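S.K.: structure for the following, please:
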Amino acid sequence: MRRGRLLAVSGAAALALGIAFAASRSTPDPEPAGAEPEAPLRADGFVLRAEPIEETVGTVGTLAANEAVDMVAELSRRLVSVDVAEGSAVRKGERLFKLDDADLRATLAELEVRRRLAARTLERQRALLEYEKRALSQQAYDQAKTDLEAVEAEIAALRVTLAKTEIRAPFDARVGLRHVSEGAWITPETILTTLQDTSRIKIDFTLPERHAGAVAIDQPFRFRVVGRSEDFEGRVIAVEPAIDRATRSVRVRGITENPDGALVPGAFATVEVPLARRDGGLLVPAQAIIPSATGHAVYVLAEGRAELREIEIGIRTRDSVEVLRGLAAGETVLTSNLLRVREGAPVEIAGERR
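M.R.: This next block holds a predicted model:
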């Protein structure tokens, strides 16, 4: 019995020693005195300064030619001549296509003969009326005059029809693809080609109805297009006077110069319209903002160490965010290596922007 008790006691003692040993392994040893300090983390910084802030609203739009038209004929006739090359530039009034007018010119020649005969008849009637009044009645003279005027009216109408056999450019433009060839039968429903005036480009976009009153004629705006890295500038030329009931937005049209042809009608554009401007705001780079449980935060450099600071943000620009509360001008905000930064960690600024 005594031996059994001793074994039980010794087993309990061994278990207690094992637990104590495990606890000692799991608890880190305190840093010995004189150990090397933690190496500072290198990160980029941004020094805050008060600057004017431009409040903008972003939207999307579509580019359109200043003037565009589908060229069609007013008559149903055979196409006898194509006088323009695809993609070429044309001037206003330049002939593009010619329709068959042989029968019209034959009719015109006949009318010219009738006009000359009617003119000679009227001259004889006038002479008889003036010198031998008894030989001619006023009614006969009036009839001769009417015959001449009727022929001249027919000639004028025929010349109008003849002019319609020549399709001319209504404005300076560039020719699109041609859809017909010589010898084709043309009707008013046949699209011959398209004309696009791209010397200036229109930009159509929409804005939420809450911004409808903030947009005015001649107001400038910026936009970008796919494939081009630079910003383009335009100005507002028209605002739809009514709000679209389906989308609760207002349609706006702007225009910009396009002398080098860099902008193409139909292209997609991202538009930024400035609405208001105020002084003394603080902007931080968007990559410095860290989502937090209560909103947003940033890491600020304070006495060589990282300090997590809760902030309140305002408007956003393309690459910056306005800070309404939590920061002051002159403070340095960390903008890189944020995944490795922790509260109180030493930080060394690798590069600084202002």
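S.K.: so which strand or helix has R126?
M.R.: Element membership for R126 (DSSP states H and E) is helix 102-131.
S.K.: which positions in that helix come out as buried?
M.R.: 104, 107-108, 111, 114-115, 118, 122, 125, 128-129 (16 or more other Cβ atoms under 10 Å). To be clear about C-beta, it is placed using only N, CA and C from the backbone, and glycine gets the same treatment.
S.K.: return the closest of those with respect to K145.
M.R.: L122 (5.6 Å; Cβ to Cβ).
S.K.: and S181, how many neighbours does it have?
M.R.: 8 (other Cβ atoms under 10 Å).
S.K.: wait, it sits on R78?
M.R.: No - counting by Cβ atoms under 8 Å, S181 stays clear of R78, with 11.3 Å between them.
S.K.: could you find the closest non-adjacent residue to T121?
M.R.: Spatial nearest neighbour of T121, chain neighbours left out: A144 (5.1 Å); criterion: Cβ to Cβ, 6 or more residues apart in numbering.
S.K.: who are the packing partners of the helix or strand encompassing E272?
M.R.: Here E272 sits within strand 268-281, counting by DSSP H and E. Judged by 3 or more Cβ pairs under 8 Å, 6 or more residues apart in numbering; DSSP states H and E, strand 268-281 is in contact with strand 51-72, strand 191-208, strand 220-225.
S.K.: then the second one to PDB, C-alphas only?
M.R.: Taking only C-alpha atoms (Å, rounded to 0.1, in the frame of the first residue of the first chain), the coordinates of strand 191-208 have been written out as PDB:
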ATOM      1  CA  ILE A 191     -27.000  55.600 -98.300                       C
ATOM      2  CA  LEU A 192     -24.100  56.600-100.600                       C
ATOM      3  CA  THR A 193     -21.600  57.400 -97.900                       C
ATOM      4  CA  THR A 194     -21.300  59.300 -94.600                       C
ATOM      5  CA  LEU A 195     -19.700  62.700 -93.900                       C
ATOM      6  CA  GLN A 196     -18.100  63.600 -90.500                       C
ATOM      7  CA  ASP A 197     -16.900  67.000 -89.500                       C
ATOM      8  CA  THR A 198     -14.300  66.100 -86.900                       C
ATOM      9  CA  SER A 199     -12.500  69.500 -86.600                       C
ATOM     10  CA  ARG A 200     -14.400  69.800 -83.400                       C
ATOM     11  CA  ILE A 201     -15.800  67.000 -81.200                       C
ATOM     12  CA  LYS A 202     -19.000  67.000 -79.100                       C
ATOM     13  CA  ILE A 203     -19.100  65.100 -75.800                       C
ATOM     14  CA  ASP A 204     -22.500  64.000 -74.600                       C
ATOM     15  CA  PHE A 205     -22.800  62.900 -70.900                       C
ATOM     16  CA  THR A 206     -25.200  62.800 -68.100                       C
ATOM     17  CA  LEU A 207     -25.100  64.100 -64.500                       C
ATOM     18  CA  PRO A 208     -27.300  63.200 -61.500                       C
END
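S.K.: if we can go back for a sec, any chance of the buried residues of helix 102-131 in CSV, with pLDDT and distance to A173 too?
M.R.: Shown next, in CSV, are the buried residues of helix 102-131 (pLDDT from 0 to 100; distance: Cβ to Cβ, whole Å):
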residue, pLDDT, distance to A173
L104, 95, 28
T107, 95, 33
L108, 95, 31
L111, 95, 36
R114, 93, 41
R115, 94, 38
A118, 92, 43
L122, 88, 47
Q125, 81, 52
L128, 77, 58
L129, 75, 56
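S.K.: just curious, which of the residues you listed is nearest to L177?
M.R.: L104 (29.4 Å).
S.K.: surely L162 is in contact with D101?
M.R.: Yes - counting by Cβ under 8 Å, L162 touches D101, with 5.7 Å between them.
S.K.: between those two, who's got more neighbours?
M.R.: Each of L162 and D101 has its neighbours counted (other Cβ under 10 Å); D101 has more, 20 against 16.
S.K.: if I look at that one, how far off is D231?
M.R.: Separation of D101 from D231 (Cβ to Cβ, to the nearest Å): 52 Å.
S.K.: same check on T194?
M.R.: 29 Å.
S.K.: so between these two, which is more surrounded?
M.R.: More neighbours surround T194 than the other of T194 and D231, with 17 against 11 (other Cβ under 10 Å).
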